[in-house]
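S.K.: attaching a predicted model along with its sequence, questions to come.
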Amino acid sequence: MYLDIWQLLTGLVHWLMVNIIGAILGWIGFHGVEHWLGTPGVLNFVTIIVVGLVVFIVGMLVSITLIWQERKELGRLMDRRGTQVGPIGLFQNFADALKVLVKEHIVPEAADSMVYNVAPVIIIGVSLMMMVTIPYSPGFYMSNSQLSVLLTLALFGVVPFAVLLGGWASNNKYTLIGGMRAAAQIIAYEVPLLLSVVGVVILAGSLNFFDIVAWQQSHVWLVLPMIIGAIVFTISMIAELERVPFDLPEAEAELVEGWGTEYGGMRFGLIMMSEYARGFIGSSMITLLFLGGWDMPAFLNFIPDGIWFLAKVFIVFGIIIWIRGALPRVRTDQILNLGWRRLLPLAVVNIAIAIAFKTLGWF
Amino acid sequence: MAEMWINMGPQHPMTHGLWNMRIKVDGETITDAEPVIGYLHRGWEKMTEDRRYPQIIPMSDRLCYGSSFTWSHVYCMAVEDLMGIEVPEKAKYIRAMSDELQRIGNHLMWLAAIGPDLGNLTIFLYALREREMFLDLFQSLCGARMTYNYCRIGGVRNDAPPNWDRDLVRTLDYFEKRMNEYEELVDRNKVFRMRMEDLAPLSGKDAVNLGITGPTLRGSGVKYDIRQNDPYEIYDELDWHMCTADEGDTYARYRVRMDEMRMSVQIVRDILKKMPKTGPIRVKPPRNAPVGTGMARMEDPRGESLMYVIGDGTDKPYRLSVRSPLFVILSASPVLLRGNKIADLPSILGMIDVCMGETDR
């Protein structure tokens, strides 16, 4: 059961543009504009923008909820209460956003001000762009590209580049080290991340999220045959998201706030927000690739697909939070060792297993 | 990346207190280090020359926020040595008990601080939660939570309150259960072990030559604990043993402190058993000290603390000198740091439990 957002919004936009605005314009006498508004090109364009807006808003709301979930769950793990503003602490994020919004924007005197200002724009823009590819249910999505998995992973790879730029441009020793760490970490973890997806792609035969979920619906959740791949992907994804235990680029114990030391005010707030947006994308990728996406037991069919998907995302993110609560930070050389010497071979083994399954025709 | 100097402090999350660790890095590797202290220098020793002997007790409490009782204790012992006062039996037991409770509280503070140093906040909140119980104990003992002003020249200020034994035993029982929880969280955690094992190893010989004392020295396998080597108060009558570890790395230092917390619990239980139920807790000291010198040293939670006092026949000390364990350990920190990664700097320095109040004085 799902809501087809494209169908719904196409109808809504058509009704709004032709029957309401068009009719009013026609009544006034602008028959040319009325006719132009009714053409398929304009309707399509407006529909895409409206759908994009709706998907973006939903994605942002989910990301904000993830921040709330992190603060609440981490609080529980640490034997404290977590956020307190509003009912069950739900308004804390908005209060924080309001606070950082009124802060002054300061550019350090020695910083390269153009790169310094552009870097957060790249980070935030790319993080939010990733929401385009993530489907919530067969009907609730922004784009249905044949290469959506590849596109999402490619966008993930852009962020550390901007982190390096921002850390370098800030002209501060801490930020420089943080940026360099981000670059080293991403090179070490991008490879196992991509390789562990290869196993999924071999079995499902597609790089499209819809096809991969459909394959899992008709066969089995990929976490079962691809358990090694799922673990490697999750660990690499945590490294990609720069979260504890792999949050070296912003190791606050030794590097103050890492690469983001010099960023304050709303830039800091939006960078933080985009981190959780990426957290949402990362958890959704784990859900879509390994946990069956919106797949569900048949007798629970009355619960909408989108709810199932989001529930799984929250559970996956909850596990990531749990890891954060339990583990300290890994050291720079250890993180590279882990990436190159453990995860990479495991990812290759995973591909071999996938090929074996495919050749034997089990799946 | 070329070599560069980085200031870790005085305003930096790594520094527990106000000081500056200047490090020279080659990429991520520390090639040289230089501790810069003095940001918290208050002229403590000079200030004491202008105060009467009892007035210095609250000041010595403020030498370190984490272990204030042990500092007023060592001060009182030094002045008693100068004045030739014999402390009543019961006061000795109460002092030793407070020392051990202070040691647990201080080690919990240290355990809390290494959590964020290593990148995990959970252990921070857990340890501070238990430290709260020991602060409550001190509150019921002497009314204060941080700076106790409890030790007196010639004894302690007051006897333990009613129901003290019951509260104490209850807290210790609960705390011993919690200790298992920390060890599950840290010792059985692969990442914690990865971060601490084989990190900044220090041989016993080097540690002795550098003048390091306390848990940092015992982590290198040297059996040196003032409580045993030069027993003060009633430590020679108690049933306990020294905690050491042989590896000399950061994990060994961690283990020594954790074992010491358990050992302190055992000591406090033993004290409760052996402490006389009645008796004086304080003798009245003379107003003026004789001409002469007094010296006392004791096992502070961080190492060997020593006070040397010169009396000139008036009611104020002519000179009071403090030997802070951390001043020495910090001056040895470049040896510990050289060759390690930047990421290890907070954990190496966190393991020696930095407290600037006593270092800068």
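M.R.: Good, I have the coordinates. Residues are numbered from 1 along each chain as shown, chains lettered A, B, ... in the order given.

S.K.: OK, contacts around residue 298?
M.R.: Reading this off chain A. By Cβ atoms under 8 Å, 6 or more residues apart in numbering or on different chains, no residues touch A:Ala298. Yep, even glycine has a C-beta here, placed from its N, CA and C like the rest.

S.K.: actually chain B
M.R.: Contacts of B:Met298 by Cβ under 8 Å, 6+ apart are B:70, B:73-74, B:77, B:99, B:226-227, B:232, B:304-305.

S.K.: can you pull out the low-pLDDT segments for chain B?
M.R.: Low-confidence segments of chain B, defined by pLDDT under 70: B:1.

S.K.: in it, what residue comes closest to chain A?
M.R.: B:Gly119 (2.8 Å; Cβ to the nearest Cβ).

S.K.: that residue against A:Leu248, yeah?
M.R.: No - using Cβ atoms under 8 Å, B:Gly119 makes no contact with A:Leu248, being 9.1 Å away.

S.K.: which residues do those two both contact?
M.R.: Both B:Gly119 and A:Leu248 are contacted by A:Arg329, under the criterion Cβ under 8 Å, 6+ apart.

S.K.: OK, contacts around A:Trp308?
M.R.: Counting by Cβ under 8 Å, 6+ apart, A:Trp308 makes contact with A:137, A:294-296, A:300.

S.K.: out of these, which are buried?
M.R.: Neighbour-count burial (16 or more other Cβ atoms under 10 Å in any protein chain shown) is assigned, among the contacts of A:Trp308, to A:137, A:294-296.

S.K.: near chain B, from these?
M.R.: Contacts with chain B are made by none of these, judged by Cβ under 8 Å from any Cβ of the partner chain.

S.K.: which of these fall within helices?
M.R.: If you go by DSSP state H, the buried ones among the contacts of A:Trp308 have nothing in helices.

S.K.: got the residues of chain B near chain A?
M.R.: So chain B meets chain A at B:1, B:4, B:6, B:8, B:12-14, B:25, B:27-28, B:115-122, B:124-126, B:129, B:185, B:189, B:191-192, B:194-195, B:341-346 (Cβ under 8 Å from any Cβ).

S.K.: in helices, which of those appear?
M.R.: Short answer: those in helices (DSSP H) are B:115-118, B:122, B:124-126, B:129, B:185, B:191-192, B:194-195, B:345-346.

S.K.: greatest separation within those residues: which pair is it?
M.R.: Across these, no pair lies farther apart than B:Arg129 and B:Leu345, at 27.2 Å, counting by Cβ to Cβ.

S.K.: so the two - more neighbours on which side?
M.R.: B:Leu345 (25 against 15; other Cβ atoms under 10 Å in any protein chain shown).

S.K.: what's the strand or helix carrying A:Arg267 packed up against?
M.R.: Taking DSSP states H and E as the criterion, A:Arg267 maps to helix A:265-290. Counting by 3 or more Cβ pairs under 8 Å, 6 or more residues apart in numbering or on different chains; DSSP states H and E, the packing neighbours recorded for helix A:265-290 are helix A:40-77, helix A:92-101, helix A:113-129, helix A:148-169, helix A:173-204, helix A:209-218, helix A:227-240, helix A:305-326.

S.K.: would you mark the buried spots in it?
M.R.: Buried residues in helix A:265-290 (16+ other Cβ under 10 Å): A:266-290.

S.K.: repeat that for stretch A:24-36.
M.R.: In stretch A:24-36, counting by 16+ other Cβ under 10 Å, buried: A:25-26, A:34.

S.K.: contacts only, for the most centrally placed residue in chain B.
M.R.: Nearest to the geometric centre of chain B sits B:Pro301, at 2.6 Å (Cα atoms, centre = their mean). Counting by Cβ under 8 Å, 6+ apart, B:Pro301 makes contact with B:66-67, B:70, B:102-103, B:106-107, B:110, B:214-215, B:353.

S.K.: in stretch A:146-161, what's buried?
M.R.: The neighbour-count check on stretch A:146-161 (16+ other Cβ under 10 Å) flags A:148-153, A:155-156, A:158-161 as buried.

S.K.: what are the buried residues along stretch A:200-214?
M.R.: A:200-204, A:206-214.

S.K.: ok, the residue of the stretch 51-200 of chain A found nearest chain B to B:Phe124 distance?
M.R.: When scored by Cβ to the nearest Cβ, the stretch 51-200 of chain A has A:Met78 as its residue closest to chain B, at 4.3 Å. Between A:Met78 and B:Phe124 the distance is 8 Å, computed by Cβ to Cβ, to the nearest Å.

S.K.: the closest residue to chain B within the stretch 201-350 of chain A: neighbouring residues, count only.
M.R.: At 2.8 Å from chain B, A:Arg329 is the closest residue in the stretch 201-350 of chain A, using Cβ to the nearest Cβ. Neighbourhood size, A:Arg329 [other Cβ under 10 Å]: 26.

S.K.: give the contact list for it.
M.R.: A:244-248, A:251, A:253, B:118-120, B:195, B:343.

S.K.: which one of the residues you listed sits in the busiest neighbourhood?
M.R.: Most surrounded of these: other Cβ under 10 Å gives A:Leu248, at 29 neighbours.
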